[in-house]
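Asks: Have a look; sequence and predicted model below, questions after that.
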Amino acid sequence: MTIFDKISGLAQRAKDNAVAKSFLSKDTRLERSLSENVDIASMTIAKISTYGLPDTVSVVAFDPVSGLLAIETIKYMLFKTGYPLLVIVDKKNVITTIDLKTKRTRHRFQAQGIITSVEYCTGTDWLFFGSAEGAIDTFDLHLGMLAKVSIPNLLTTVEKDDGGGAIDRLDHVVVALQMHPTNLDFILIGYSSVIFLWDIREHTIRRAFTLRNLDVNNPLRNARLTCFTWSPRGDRIVGGYDDGYMHFWDANNDQMPIFSRQALQSHLPPSASPDPCEPVYQLAWYVDTTLQKTYLLVAGGSSIPEIRGIHVLEFDLDSESKDARKQSIIHSPVDVVDFIFICREPYFLGMHNPFGVLVIGSDNVLRAYSFDHGYPLLTLPPALDFLEPAVMNICQAFMVPETTFRKLCTANGSQGPVKYLPLTGGIAGNGHVYKIPSNDIFMTIHSDEAIKFWDAAFTSLRPLPYLTVHCKDGMNDPKAQVCCVDLNPKTGCLSVGCSDGTILVYEFVTALEQSSDVNDKVIENCDSTLKEISDLLKDMEETTAEQPDGNDSHEQENKPEEVPLENDRPLTDDTASGNATVNSSFANIRIEPLEFATDITGYVLKDRVILGHVYVEQIVSHGEDIIAFSTSDGSIIAVDIKIRQPIFCININDYEEKQQEDTESGKHTHKDASIQTFKPVIACLQIADSYSVAKPAQKSTFLYVGLSNGQVYQYEIGLNSAERRPLPVVIPAFDDAVLDISVINLEGETPNPGENKAESASSLSPPEEDFKQLPDNRSIRSEKSTKSIKSVKSTKSVKEEKPNPDSAESLEKNTGFSLLRKPSRKGSKSRQKADSKEPVPAMPRLPDLVQIERIKHTRHDYIYQQDPHFLILVSATAISVYLSGFNVKLYGVELVEHEKHQTATAIRSKVIRVGANICTLAVLLDDGHIRLFSLPALKPLHTLRLENYMPERLREATLSADGRVTLWTQKYELEQRTFMPQNQIPFGEDILLHNGDIMIPPHPSTATQRPKKSWLDTVSGAFKKNVFTIHDLDMMMGRVPAAAAAAEAQSSKASGNEAAKPQPQRSGVFKELSDKMNERGERLNELDQKFQDMNVASSDFLRAVREYNERQARKKWWEF
């Protein structure tokens, strides 16, 4: 920057300050602060709600008693069913127990070796886990340590007993563990080559199921085990192998399998050669007691790669030894990695009448299927819907009007009853807020280009499935993507911009209203057609009456000169640089009305706007009918969706090129080819009702365009067709890109589109001369009618008196289009000859053009406005406040100040309005800070710092007008926080994960025990083992009974207290009460001791009876 540029910059700044002070002195309303009542001391950032999940899912656990579902990206995870305890095993083989009451870690235990499988014995404290070394240890969940009893490596034991050769190291890995569904005595332990049935009570191997017993030439002999499961009754075992085969065994016979088969194959002999097939990943077996059938679920084992899902084999309950009677499949879009039952009861391994199945796919997404007919999908909690399909981006509509919000959120969809995943756990505490007073619509854009809607007034998001939009169905290119979304707050109309140059316009309809809407549209179209025909006939009559007499040669000579309107002149030089740019762009825009179903409630694709091979980058709506959008080639288009016509179209690069040409020609310089120039890019788009420089006291609809070079273009799109000018009003605001544009009044409110001056619908329609540019299939007038209109207009325009070319207003109109192209003298001369019969003002010289541009862009003479508007412009490094209608900068502030080491730049801004008298400007910086400024003076008020966010996705954060921010914290997780406590939005999370009123039922082993009523039952039962109960299992594992442990702890504590210090002297009522309590405790101890003695005596009696029966059995017949 040269010294002259610095001097000119300082001079311009001094001039701007002087003009601003002059305006402020003439109208004191412009100095009144809107931020006087902001309570800076109470400002803080607090979390309102959390949406989504931190990451994908790799493991899932379900507690049927508590009704809780847990998901995580970890190695293993399970609930201690019916108790407030969650057990996780991470990749470092650390076992962690989490207390669900306090939500804190209770125990951490580092296991020795690599944990390869886990199995929890429901109703107990014992967790069995196998390691890569082949041993099985028992972990005490209550104490957080290993139990005294463990299971050794059974392969090593068999190898020593048989004296066989060495076994491969990989064969020692414990593949799977599973308890018996009805008997606590047994547990299945699977290695890659054998399945052992282990007797926990006897501490011995009962059975060994292996394919090594098959014939040596059998190809199935060398398959490796991948998974297994019990049958619901516990008398059958099925194992899945890596060759895709399943082998069914009788639990009492380990010599040969009952039969073998593949998932997609009928009964095959074991000697048959297998087809190439994927391994069997997982097996599960359940029983439906209503249908008296059992079903085997098989993941994998398919020889057809295109078939994905879970195979379901149906068996008769009484003939499980035979092959399956029927077969079906639970379809999945991806391969199945893991699944568990959605159990109804905690025991029997969840095999009795489960509700459905939870499936984890290869894409790490959780899906839930019901076991009803057709295996329908169950609706998951909203957080899990962020994964299927994956959420790519979000869009929020804050504080939607009440009528629109109720229309969208209270409609009854036509999809029928929704089946939800049965999650009934947890209790909302007193401090929990599940709904906030805000009419917010939350939209998620997914990877399949679907847009899902949520009621964000609920802190956990209430799904609105009937509003889901599948944009792929309306795109021309199947590979196109959703680029931008806009929800009209007045009508609820949804506009979606796509990467293939398509804008999809969706309208919300209900099944009851559609018939009446169609009739209304037909009647409206008929009325408009009749009115149009009557206008045409009237115009034709006027044309016939006003036609002057003359010879045919004179008419033929003047026929090309019939239309003096600028848009109908030959598109050469000046004219081509003006209106032709707009009209030729209209020809490339096609708006296709589409048919939709009439029996649904939700969004239907009503119109499709086709622009060509461009990206739709931004889209905004205004009022009820106007939508404007910008494209990647610099085009800005506004469309009236009610009449399905474009009303505005311009390309910002045309004006930039013309402005650069005029500057170079004015300075008489030549462009250096070595210097590369970059075209500006549209950075932001906004529509608002405000003032213009030409008419500072009259409101109109303006389109504000912020560019990457710091300039702001102001286009008027609410003008009549005769006054429409595509020349923008340029505000050179900054040196960098404009991020946000806001328009507010003196109360801090955004001007309502309904407060405009009254304009007819035709004022927003394209001009009559634009109809000739529309395609034939979209023209609403015939060619003959259009010619008649042109002739009528030409006749009237010839008779009209031309305005004075020396006046500023006429000069502004006559040169409005000429600034887009460099004027050509040759073209001007030819046009003067062609239009010799009517006076045409001469083109102004370059100094005049510069003067006109100054008049149009800035107005220094203040005119009183009844409702002044502030134009707030925010860039990455600065903020400016302009007075709308004059484009005079009143206030400004620099965000980046290197002297004060403030280098953070702005990425988002929002005008915050709380109540009727609190208004401020919030600016989100790229370093995670939120800076608040007063309005309109832009004085710094406060700075807040955000914590726990993703810096790379901070630019996707959204700010609401009531002081809330929504930002990404994890890959698929967002948080909504408030930073304006004065908005009085209640918030709080208080969820109790454990309900103490819900208890796990007693174990079936306890319910099956019956007292022996006769001596005969006692003698016959002496030959049988007693049922192995949880108490027996605890005793065998070294657990001290709870009552004895409590008594021992109490006695030791009492003795320790007595030894430590003397008992304090008590008197009166408290001494008597203490003595009674001690006496009662002693009696309870004596009673407990008596119960133990009785148990010992009964055990001795039963042992004596057993020994007597054994002696009687050993006697010979002659000894009796």
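Replies: Arrived safely, thanks for sending.
Asks: now residue 883, nearest residue through space, not along the chain?
Replies: residue 890 (5.6 Å; CB to CB, 6 or more residues apart in numbering). (Each C-beta comes from the backbone N, C-alpha and C, glycine too.)
Asks: which regions of the stretch 551-700 of the chain lie under the pLDDT threshold?
Replies: 551-587, 598, 655-678 (pLDDT under 70).
Asks: how about 90 then?
Replies: Within the stretch 551-700 of the chain, the segments meeting pLDDT under 90 span 551-590, 592-602, 611-613, 623, 625, 633, 642-680, 692-700.
Asks: ok now do residue 508, which residues does it touch?
Replies: 407-408, 411, 467, 492-494, 602-603 (CB atoms under 8 Å, 6 or more residues apart in numbering).
Asks: ok, and the most crowded of those residues?
Replies: The most crowded member of the contacts of residue 508, judged by other CB atoms under 10 Å, is residue 494 (27 neighbours).
Asks: so is the nearest residue to that residue once chain neighbours are set aside in a helix, a strand, or just coil?
Replies: Closest residue in space to residue 494, ignoring its immediate chain neighbours: residue 506 at 4.1 Å, by CB to CB, 6+ apart. Following DSSP: H, G, I helix; E, B strand; the rest coil, the label given to residue 506 is strand.
Asks: So residue 616 versus residue 713, what's the distance?
Replies: 19 Å (CB to CB, to the nearest Å).
Asks: quick one: which of those two has more around it?
Replies: Set side by side, residue 616 and residue 713 show more neighbours around residue 616, with 27 against 23, by other CB under 10 Å.
Asks: For the more buried one, give me its contacts.
Replies: Contacts of residue 616 by CB under 8 Å, 6+ apart are 483-484, 497-499, 501-503, 629-631.
Asks: quick one on the thing from earlier: looking at it, the residue nearest to residue 883 is touching residue 938, isn't it?
Replies: No: counting by CB atoms under 8 Å, residue 890 does not reach residue 938; the two are 9.3 Å apart.
Asks: list the residues that contact both of these two?
Replies: residue 881.
Asks: more neighbours, the two?
Replies: Neighbour comparison, residue 890 and residue 938: the larger count goes to residue 890, with 23 against 20 (by other CB under 10 Å).
Asks: Could you check which helix or strand contains that one?
Replies: Element membership for residue 890 (DSSP states H and E) is strand 888-894.
Asks: buried stuff in that strand?
Replies: Neighbour-count burial for strand 888-894, counted by 16 or more other CB atoms under 10 Å, picks out 888-893.
Asks: Among those, which one sits closest to residue 430?
Replies: residue 893 (44.4 Å; CB to CB).
Asks: Can you tell me the SS state at the nearest residue to the closest one once chain neighbours are set aside?
Replies: Nearest residue to residue 893, sequence neighbours excluded (CB to CB, 6+ apart): residue 938, at 4.3 Å. Here residue 938 is coil, with the state taken from three-state DSSP.
Asks: So what does residue 938 have for phi and psi?
Replies: phi 60, psi 40 (degrees, to the nearest 10).
Asks: which ones are touching it?
Replies: Applying CB under 8 Å, 6+ apart, the residues near residue 938 are 879, 881, 891-893, 921.
Asks: What is the most widely separated pair among those?
Replies: The most distant members of the contacts of residue 938, if one measures by CB to CB, are 892 and 921, lying 12.5 Å apart.
Asks: picking that back up, adding pLDDT as columns, could you present the contacts of residue 938 in JSON lines?
Replies: Putting these into JSON lines (pLDDT from 0 to 100) gives the following:
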{"residue": "879", "pLDDT": "94"}
{"residue": "881", "pLDDT": "94"}
{"residue": "891", "pLDDT": "93"}
{"residue": "892", "pLDDT": "92"}
{"residue": "893", "pLDDT": "92"}
{"residue": "921", "pLDDT": "96"}
